[in-house]
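>>> Next input, structure requested:
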Amino acid sequence: VALLESIGFRWKLRSRGSTGKMVSWNDRYKELVEYKRVTGDCNVISKNADGSHEKLANWVSNQRTAFKMLKTTGKANIKISADRIRLLQEIGFDFTRRSRSYQKKTEVISEGSTTGVSPSGENRTPEMQRTIN
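I've put the predicted structure just below:
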């Protein structure tokens, strides 16, 4: 332990805001509430044009992961209490939502085309072709 600490190892990591200061769970929750007020949902996109929501998107992803771990194993890698779950549910947070890229891949596979090109014109990889066929 002392050796790790002597080289600057940090035992606990917290999300940092744009100023470099630590951001609490409540602060990120307030950001999410504001995001929902503006966009109408809690589905934060991390790869938007200006990258302005990347940290919030990571936080949202961490909440989903912690919730899934809690439900499947009884413990989570980050603290997600019943109160936090309730707060997120109250604003319509979807704990089961998958990333847009995953959803897009699933939609392409489920379309069932065997041409190698999806209806939207995207090329499919040979691996995807095998999955579809």
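>>> Nearest residue to Arg97 in space, please, no chain neighbours.
Distances taken as C-beta to C-beta, 6 or more residues apart in numbering put Asn43 closest to Arg97, at 6.2 Å, once the chain neighbours are dropped. C-beta: built from backbone N, CA, C; applies to glycine.
>>> same question, Val44
Per C-beta to C-beta, 6+ apart, closest to Val44 is Ala57, 4.2 Å.
>>> For the one you found, give me its contacts.
Applying C-beta atoms under 8 Å, 6 or more residues apart in numbering, we find Ala57 in contact with Val44, Ile45, Ser46.
>>> between the residues you listed, which has the most around it?
Ranked by neighbour count (other C-beta atoms under 10 Å), the contacts of Ala57 have Val44 at the top, with 20 neighbours.
>>> for stretch 73-93, how far is the first residue from the last?
Start and end residues of stretch 73-93 are separated by 21 Å (C-alpha to C-alpha, to the nearest Å).
>>> which residues sit against that stretch?
25, 29, 32-33, 36, 41-42, 60, 62-63, 65-67, 69-70, 95.
>>> Go again with 7 Å.
Stretch 73-93 is contacted from outside by Trp25, Tyr29, Val33, Lys36, Cys42, Asn62, Gln63, Ala66, Phe67, Met69, Leu70, using C-beta atoms under 7 Å, 6 or more residues apart in numbering.
>>> any idea how far Ala82 is from the second one?
This means Tyr29. 15 Å (C-beta to C-beta, to the nearest Å).
>>> Likewise for the first one?
Trp25 sits 14 Å away from Ala82, taking C-beta to C-beta as the criterion.
>>> So between these two, which is more surrounded?
Per other C-beta under 10 Å, whichever of Trp25 and Ala82 has more neighbours is Trp25, with 18 against 8.
>>> who touches the more buried one in this structure?
By C-beta under 7 Å, 6+ apart, the contact set of Trp25 is Arg84.
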